[in-house]
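Q: predicted model and sequence below, questions to follow.
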Amino acid sequence: MLKNLQPIVAASEKVAAKVSRTVAAGRFPLILGGDHSIAIGTLAGISRHYANLGVIWYDAHGDLNTPETTPSGNIHGMPLAASMGLGHPALTGIGGYVGKVKAENIVMIGIRDLDPGERLLIAERKIRVYTADDVSRLGIARVIAETVDYLSARCDGVHLSFDLDGIDPLEVPGVGTPVAGGISYSDSLAALVLLHQSGIITSAEFVEVNPLLDRDDRTVSAALALAGALFGEEVDSEGTCWPAVATSSVTASAAKR
Ligand SMILES: NC(=[NH2+])NCCC[C@H](N)C(=O)O
Ligand SMILES: [Mn+2]
């Protein structure tokens with residue numbers, strides 16, 4: 001059983017239409033979520049404008065489940081599979097076409113929690129994966145450099161799908177499906193600075209921010225700072241770049257206590 005199929009299909013069609021109009025108008029689509037099922041709509045809206053859309057999937061999870069492999073029935077565990085054309089027809093057909101992303105145009109970063117069916121799919125389709133351990137071993141700069149080289153050689157646009165649960169939940173607790181370990185916040189910020197400098201990103205989404213689970217607005221502030229870095233906002237000398245608005249809201253909530 002898929003949970004909330006009809007409302008997610010309806011929302012995804014709306015997101016797809018709006019995002020497609022944004023790309024057609026020559027503007028940069030930035031989508032904020034909400035759970036990761038939102039990516040089904042964003043990719044449907046974006047990919048029709050590209051012959052070979054690249055996708056950077058920054059996440060603890062693969063989100064490559066189908067109705068046959070899902071352990072939970074949660075559609076937020078399926079958006080990447082659905083975008084590859086695998087899964088429930090109501091999800092794979094969002095936007096009126098099937099197959100938004102090709103396996104060879106995907107790079108996954110931060111992965112550390114895969115279900116058996118997802119492992120199989122990654123192996124079968126030879127999807128490029130950097131686990132959170134790969135990032136500690138190789139360093140974030142090398143991982144991003146390899147990702148940029150790989151995707152710029154084969155893609156005419158690159159969508160960044162950034163799930164906040166790719167980061168260590170000790171630093172960003174406001175996510176629905178936390179997985180211990182993970183990429184540090186400072187490495188993640190460095191990744192976004194490097195992606196900004198690469199100039200390859202043509203659309204982005206930041207997802208799974210859940211303010212109800214957050215502490216001291218840490219996850220919200222992190223998402224804002226990461227998005228800022230993607231657009232070239234300056235990072236201060238300590239490597240943090242909490243934007244003024246986020247800093248003042250943290251201070252305000254701390255002052256209330
Ligand atoms: N976007 C997410 N938070 N995905 C979590 C997915 C967890 C698990 N793999 C599932 O399919 O239910
Ligand atoms: Mn996800």
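A: Thanks, I have the structure now. Numbering: from 1, shown residues only. Ligands and ions are numbered 1, 2, ... in the order given.
Q: hey, let's count contacts and neighbours off CA atoms from now on
A: OK.
Q: need the three-state assignment for residue 31.
A: Here residue 31 takes the strand state, with states given by DSSP: H, G, I helix; E, B strand; the rest coil.
Q: my read: it touches residue 205, true?
A: Yes - the pair residue 31 / residue 205 is scored as a contact, 4.4 Å apart, by Cα atoms under 8 Å.
Q: tell me which residue in the stretch 101-250 of the chain sits closest to ligand 1.
A: Nearest residue of the stretch 101-250 of the chain to ligand 1 (Cα to the nearest ligand atom) works out as residue 177 at 5.1 Å.
Q: next one: phi and psi at the closest residue to that residue other than its chain neighbours?
A: Nearest-residue entry for residue 177: residue 165, 7.2 Å, with adjacent residues in sequence omitted and distances by Cα to Cα, 6 or more residues apart in numbering. With angles defined as degrees, to the nearest 10, residue 165 sits at phi -80, psi 0.
Q: what residues does this protein put near ligand 1?
A: The chain comes close to ligand 1 at residues 36, 61, 63, 65, 70, 71, 72, 74, 76, 77, 115, 177, as judged by Cα under 6 Å from any ligand atom.
Q: now, of those residues, which are buried?
A: Neighbour-count burial (16 or more other Cα atoms under 10 Å) is assigned, among those, to 36, 61, 63, 65, 70, 74, 76, 77, 115.
Q: any idea what the second one is bridged to?
A: With DSSP bridges applied, the residues forming beta bridges to residue 61 are residue 113.
Q: who's in contact with it?
A: Counting by Cα atoms under 8 Å, 6 or more residues apart in numbering, residue 61 touches 77, 111, 112, 113, 114, 166.
Q: what separation do you get for it and residue 205?
A: To residue 205, residue 61 is 16 Å away according to Cα to Cα, to the nearest Å.
Q: can you name the residue of the stretch 51-200 of the chain nearest to ligand 1?
A: Closest to ligand 1 within the stretch 51-200 of the chain is residue 77: 3.6 Å, counting by Cα to the nearest ligand atom.
Q: wait, that residue sits on residue 67?
A: No - proximity of residue 77 to residue 67 does not meet the contact threshold set by Cα under 8 Å, at 10.0 Å.
Q: tell me where the stretch 51-200 of the chain has strands.
A: Here the stretch 51-200 of the chain has its strands, by DSSP state E, counting those that start in this stretch, at 53-58, 106-111, 128-131, 157-163.
Q: TSV please, covering those strands and showing mean pLDDT and mean neighbour count.
A: Converted to TSV, the strands of the stretch 51-200 of the chain look like this (pLDDT from 0 to 100; neighbours: other Cα atoms under 10 Å):
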stretch	mean pLDDT	mean neighbour count
strand 53-58	99	25
strand 106-111	98	25
strand 128-131	98	20
strand 157-163	99	23
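Q: so for residue 14, which of those sits nearest?
A: With distances scored as Cα to Cα, the stretch of the strands of the stretch 51-200 of the chain nearest to residue 14 is strand 157-163 (18.3 Å).
Q: neighbouring strands - and their directions - for the closest one?
A: strand 53-58 (parallel), strand 201-207 (parallel).
Q: okay, the first one in PDB with CA atoms only?
A: Yep, that's strand 53-58 we're talking about. C-alpha atoms of strand 53-58 as PDB (Å, rounded to 0.1, in the frame of the first residue of the first chain):
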ATOM      1  CA  LEU A  53      19.400  16.200 -17.100                       C
ATOM      2  CA  GLY A  54      22.000  15.300 -14.400                       C
ATOM      3  CA  VAL A  55      20.900  14.800 -10.800                       C
ATOM      4  CA  ILE A  56      23.000  15.200  -7.700                       C
ATOM      5  CA  TRP A  57      21.000  13.300  -5.000                       C
ATOM      6  CA  TYR A  58      22.500  14.400  -1.600                       C
END
